[in-house]
Structures are given as C-alpha cells and as structure tokens.
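Colleague: Pasting the sequence and the predicted coordinates here, then a few questions.
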Amino acid sequence: MFYLIASIVCSVAVSVLLKMFRRYDLNPAQAIAMNYVVALGLTLVLLRPDTALLLQPATPWFVLLALGLLLPSVFLAMAASVRHAGIVRSDAAQRLSLFIPLLAAFFLFGQEPALETMGGILLAFGALFCLLRRPAEAGPVASATTWLWPLAVWLGYGVIDILFKQMAKAGTAFPAGLAASFALAGLAMWIGLLVRRTIWGRRHLAAGLLLGLLNFGNILFYIRAHQQFPQNPALVFSAMNIGVVGAGALVGALVFREPLSRLNWLGLALTLLAIGVMIP
C-alpha cells in the first residue's frame, strides 16, 4: 500500500503547493514550465522510455501535440482553481473528470452503457452541481471564479484522459508517449514565457523544481501501485480517487479553512459515492 499512499500524498501536495503560490507571490507559469523540465528528466532516467518508438509511422503526433498544449493549459487552470475555488473543489473536479472518457465512450465510440456506469455519471453531475455552487453573498465576480476554474479543470483533465487513451489505442508505449507529452508541454510553456519576455526569478524556478518532483512522484507511484496489485486495478483506481478527494477535503477545510456550505459537503459525498459506484 506504500505506493498508493505515496501517490495520494503527492497529488494532494501538488494542490497544497499551488495554493501556497499566492501567499508567497510565486509565478505559476514559471513554476509549471520548470516542472516539465524536471518531469521529463525523471521520466527519461527512471522510466527509460524507448524514444525510437516515436519514429514509427503509427505514432499519433496530433494527439501528442494536443497533449503538449493541453497539459500546461490545464495545469495553469488548476493553479487558478486552487487559488480562487480552493483545494476541496479543485481536487474533486479533477477526480470527477474520469467520467468524461466514459461519456465519450458512449457518444463517440459506440460503447453500450452499463447501468452502474450511467448511475455513476448521474451522481458525478450531481456532485459537480453541488460543489460548484457558491453562496450568493460572495458576489457575482467571486461566484463566477469559484465555478468557472473548477469546471475548466474538470473538462481539461477529462479531455487529457481521452487523449492518453487514444495514444494507447494507437499502440504508443506509455513511457515514450509520456516523455513526448512532457517535452512538448515544456516547450510550449518556455516559448510562451520567452515571447512575453518574462523576467525570471530563482524562487519561481525553485518552486517549479519541487512541483516537478511531486507531479512526477504522483505518476510514478501510481504506476508502481498498479504493478503491485496487477490483479486488482479497481482497488488502485478507487483508493486513489477517493483518497485524493478525502485528503484534499481534510487539508482544504482544516488547514486552509476553506468555506464550504452544506451543499458543497453534499457534493463531496456524491463524489465519493460516484467513484464507489464505478468499482467493479
């Protein structure tokens, strides 16, 4: 269970670090750009991808390019969501994104919907509605930012999941595809920052170093957890998602005192129930 717990800790720690950016006046774009340098380096060293596989004609370069643009964009959205909507809503929205590939399977790829899957999707939409609701006294601007950014996180991570599945369907090895995605995402971030003539700061790059370690740690430990329980992927899937939502809720509510209404807490409960329904 060590790898599973470590993956959950790394995932929540990423959200906590993003939350601290505002307090310490750290630039998310610079940190995220550095994050991809670190993640790519660790992928090459620890996962040892066979990059020669990317030269095969079947390599889905359109999918990889889309990932290269979406990965940093959604990471920036996650940073904004944690800042404006809090860890609780952001982590829950990210985990609920797993239902978007299921919707795509039904409406785009012709898969027959199972009863428990449809039930999980309905619960997920109910959870999103409850989580994204904000008290009216928060004001129209505050209310908009607290649901728009988590919604962007939900949609973004869901589309990324579909793209990774399409990459696997094309036969691209996961380590090689991951390395290419990180390389393209980092390239997009660095070009964007250079075009904007960014004034670089050591503090921001140092934060990106830590962010990259945590981000890659989450991926590596998640892979190791699946390798540890090869006969029970449902255990890893459910424990990871429920663990992140639960731990994120505790950290957000108890450590950062994020305001949550009864409807928001109902949304969290529905999130856990939706994930639970998906367990085979």
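Modeller: Nice, thanks for sending it over.

Colleague: Can you point out the buried residues in the lowest-mean-pLDDT helix or strand in the chain?
Modeller: One helix or strand of the chain scores below all others by mean pLDDT, DSSP states H and E: helix 99-107, with a mean of 81. Buried positions in helix 99-107, judged by neighbour count with 16 or more other C-beta atoms under 10 Å: 99-106. Backbone N, C-alpha and C define where each C-beta goes, glycine included.

Colleague: can you check stretch 36-48 too?
Modeller: 36-40, 42-43, 47.

Colleague: what helices or strands is the least confident helix or strand of the chain leaning on?
Modeller: Packing partners of helix 99-107 (3 or more C-beta pairs under 8 Å, 6 or more residues apart in numbering; DSSP states H and E): helix 115-132, helix 140-169.

Colleague: Tell me where the protein has helices.
Modeller: Ranges of helices within the chain are 2-23, 28-42, 61-84, 87-96, 99-107, 115-132, 140-169, 174-195, 202-228, 233-250, 262-277, based on DSSP state H.

Colleague: Make CSV from those and add distance to L55 to it.
Modeller: CSV is the format used below for the helices of the chain (distance: least, C-beta to C-beta, whole Å):
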stretch, distance to L55
helix 2-23, 31
helix 28-42, 18
helix 61-84, 11
helix 87-96, 33
helix 99-107, 28
helix 115-132, 38
helix 140-169, 15
helix 174-195, 10
helix 202-228, 24
helix 233-250, 31
helix 262-277, 39
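
Colleague: most neighbours per residue, which of those helices?
Modeller: The highest mean neighbour count among the helices of the chain belongs to helix 87-96 (a mean of 29), with neighbours defined as mean count of other C-beta atoms under 10 Å.

Colleague: Need the contact partners of the least confident helix or strand of the chain.
Modeller: Under the contact criterion C-beta atoms under 8 Å, 6 or more residues apart in numbering, helix 99-107 has outside partners 111, 113, 117, 120-121, 124, 154-155, 157-159, 161-162, 165, 274.

Colleague: next one: stretch 173-184
Modeller: Here stretch 173-184 makes contact (C-beta under 8 Å, 6+ apart) with 36, 39-40, 43-44, 47-51, 53-54, 64-65, 67-69, 71, 164, 167-168, 219.

Colleague: Same question for stretch 6-24.
Modeller: Contacts of stretch 6-24 (C-beta under 8 Å, 6+ apart): 26-28, 31, 78-79, 82-83, 86-87, 90-91, 203, 207, 210-211, 214-215, 217-218, 221-222, 225, 239-240, 243-244, 247-248, 251, 255-256.

Colleague: circling back: now the weakest link among the helices of the chain, please, by mean pLDDT.
Modeller: Lowest mean pLDDT within these: helix 99-107, a mean of 81.

Colleague: Work out the gap between it and the centre of the chain.
Modeller: Mean C-alpha position of helix 99-107 versus that of the full chain (C-alpha atoms, centre = their mean, to the nearest Å) differs by 17 Å.

Colleague: same thing with stretch 262-280?
Modeller: On the basis of C-alpha atoms, centre = their mean, stretch 262-280 sits 18 Å off its chain's mean C-alpha point.

Colleague: Using CSV, write out the CA atom coordinates for that stretch.
Modeller: What follows is stretch 262-280, C-alpha atoms only, in CSV (Å, rounded to 0.1, in the frame of the first residue of the first chain):
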residue,chain,number,x,y,z
ARG,A,262,-23.8,22.1,3.3
LEU,A,263,-24.5,21.8,-0.4
ASN,A,264,-20.7,21.6,-1.1
TRP,A,265,-20.3,18.9,1.5
LEU,A,266,-23.1,17.0,-0.1
GLY,A,267,-21.2,17.4,-3.4
LEU,A,268,-18.1,15.8,-1.8
ALA,A,269,-20.3,12.9,-0.5
LEU,A,270,-21.7,12.4,-4.0
THR,A,271,-18.2,12.5,-5.5
LEU,A,272,-17.1,9.6,-3.3
LEU,A,273,-20.3,7.8,-4.0
ALA,A,274,-19.9,8.2,-7.8
ILE,A,275,-16.4,6.8,-7.7
GLY,A,276,-17.6,4.0,-5.4
VAL,A,277,-20.3,3.1,-7.9
MET,A,278,-17.7,2.7,-10.6
ILE,A,279,-15.8,-0.1,-8.7
PRO,A,280,-16.4,-3.4,-10.5
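
Colleague: Okay then, goodbye and thanks.
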